[in-house]
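Q: pasting the sequence and the predicted model now:
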Amino acid sequence: MMTTQRRGRIAAVVVTTLAGLLASLGPAAVADEAAAEHWGQSQRRVGYYTQWSANQFGYTVNKLVSSGTAGKLSHLNYAFGNVSEEGKCFASSTAGLGDAKADYQRLHTAAESVDGVADKPEQALAGNFNQIRKLKKKYPNLKVNISLGGWTWSKYFSNAVLTDASRKAFVKSCVDLYLKGDLPKLDGLAQGGQGAAAGLFDGIDLDWEWPGAAGAPGNVVRPEDKQNFTLALVEFRKQFAELSWRTGKHYELTAFLPAGAATLDAGIEVPKVFRLLDFATIQGYDIHGAWDSVTNHQSAIHAPDNDPTPGKLDLDQVIKDYLDRGAPRRSLVLGVPFYGRGWTGVTGGGNGLFQPATGCAPSTHECGYLNYNKIKQLPGFTLHRDPKAATGWLYDGNTFWNFDDPVSIGAKTRYIRQQKLGGAMVWSLDGDTDNGELFSAIHRGLS
């Protein structure tokens, strides 16, 4: 039970902190290192665990334990929560809108469970959420944030942040659903109810792809998204402060932000945004893919001199774009892919790099996309590397897969340390091997 005296102290702290943040959003605001350190920054090791990891890849939450990865994570982002056309966070069991069964309804057997205890039909919380709760109990320093949106579910963010009223309603719906844990009971099942997931999530990660710029076909995009994104972050901070007053807990606010100066400038007020976020994860992958007609590195630190792409975007330029606009180094967490991008019908000879292709390489998950643990098992390919790019590729004379492995991850973590960035983020944990070799490379490189 929180005493009145302690509650008063907490209220004073959160009000003072919020007032300082809001005051900093004036036109003369500069996001400097001191502002970033306000939130007690440290090297971060962030991993995304997806709603579909277990169903599509057999990667249940307990594999984070058996692989050794759980003890190396600082943050686990659960992907994704959806936003409705009306601009609200919601849970659903309707295909394409949500997967409540995976999230909090599916009963795990003892063999699938983090603690070896099977779920019971009558318990209020099951599914991935319950397993993550058990994971947090086993690893009490682990922070878990719910990530909203993603490539597929960013369609209605613009609606959610359009007006002051819509922003208030949007944030309240997300706080109620995920931070207070008020999950709806669906499909006649016992799971859900007021407070069923209370305390599970330590914050909210916004993965809006992208404010003010095109993402997936059909996304709602408005010119005012840029300013409204900032205002939405202010509203999240306000409502987080109110909740902190009651719980005594700091709730994290993070975001996944884009690569490419044009997309960045269209939707992100960099100094203002970084004063409101605990940190941001930066897109460090999908720079190239089978949507390009020529093979390339999807995640190069430095683009090779003979890269034929106009502009030659690479990770070093992505980071410079943020620094040039006022982002604090320690608030930038660089994304690292645990998957590869592939092309087929590659002609032109040589090692296959920068050669024309007819299309995306076949894959059981998504054409042109393959998890590292599958790429590692491909037969009949020759491995090539480019130390400058800090990435590798496989080529068999027809099909080309570009990917990161422990060697390239070692180079990327050195870059992160040299640039004094805030850590590394990976998409996504289900792409790793059973013994967690990729995340172990992240951990070693940042230690």
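A: That came in fine, so what should we check first? Values in this document were obtained by computation on a predicted structure and should not be read as measured data.
Q: what pLDDT does the model give residue 42?
A: In this model, residue 42 is scored at 70, pLDDT.
Q: name the SS class of it, please.
A: On the three-state scheme (DSSP: H, G, I helix; E, B strand; the rest coil), residue 42 is labelled coil.
Q: need the contact list for it.
A: Applying Cβ atoms under 8 Å, 6 or more residues apart in numbering, we find residue 42 in contact with 74, 423. C-beta here means a position set from N, CA and C on the backbone, and glycine is covered the same way.
Q: ok, now how distant is it from residue 267?
A: Counting by Cβ to Cβ, to the nearest Å, the gap from residue 42 to residue 267 is 28 Å.
Q: again, but for residue 54
A: Residue 54 is 33 Å from residue 267, by Cβ to Cβ.
Q: what's the answer for residue 251, then?
A: 24 Å.
Q: who's more crowded, the two?
A: residue 267 (24 against 20; other Cβ atoms under 10 Å).
Q: mind listing what that one touches?
A: Residue 267 makes contacts with 210-213, 225-226, 229, 258, as judged by Cβ under 8 Å, 6+ apart.
Q: ok, the residues you listed vs residue 395, which is closest?
A: Set against residue 395, the nearest of those by Cβ to Cβ is residue 258 (29.3 Å).
Q: got the contact list for residue 369?
A: 289, 339-342, 363.
Q: hmm, back to that, of the contacts of residue 267, which is the most crowded?
A: Counting by other Cβ under 10 Å, top hit in the contacts of residue 267: residue 211 with 31 neighbours.
Q: wouldn't it be in contact with residue 157 here?
A: Yes. Contact criterion Cβ atoms under 8 Å: residue 211 and residue 157 qualify, at 7.2 Å.
Q: overlap in contacts, these two.
A: residue 225.
Q: what packs against the helix or strand encompassing residue 167?
A: Residue 167 is part of helix 164-174 when elements are defined by DSSP states H and E. Here helix 164-174 touches strand 89-90, helix 157-160, helix 225-247, going by 3 or more Cβ pairs under 8 Å, 6 or more residues apart in numbering; DSSP states H and E.
Q: could you export the helix or strand following that helix as PDB, CA atoms only?
A: Moving toward the C-terminus from helix 164-174, the next helix or strand (DSSP H and E) is strand 203-207. Only the C-alpha atoms of strand 203-207 are listed here, as PDB (Å, rounded to 0.1, in the frame of the first residue of the first chain):
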ATOM      1  CA  GLY A 203       5.700   0.900 -21.400                       C
ATOM      2  CA  ILE A 204       4.600   1.500 -24.900                       C
ATOM      3  CA  ASP A 205       6.600   1.400 -28.100                       C
ATOM      4  CA  LEU A 206       5.200   3.300 -31.100                       C
ATOM      5  CA  ASP A 207       6.000   1.600 -34.400                       C
END
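Q: show me what strand 203-207 is packed against.
A: strand 75-83, strand 143-149, helix 225-247, strand 252-257.
Q: mind doing that once more with 6 Å?
A: Strand 203-207 makes packing contacts with strand 143-149, strand 252-257 when contacts are defined by 3 or more Cβ pairs under 6 Å, 6 or more residues apart in numbering; DSSP states H and E.
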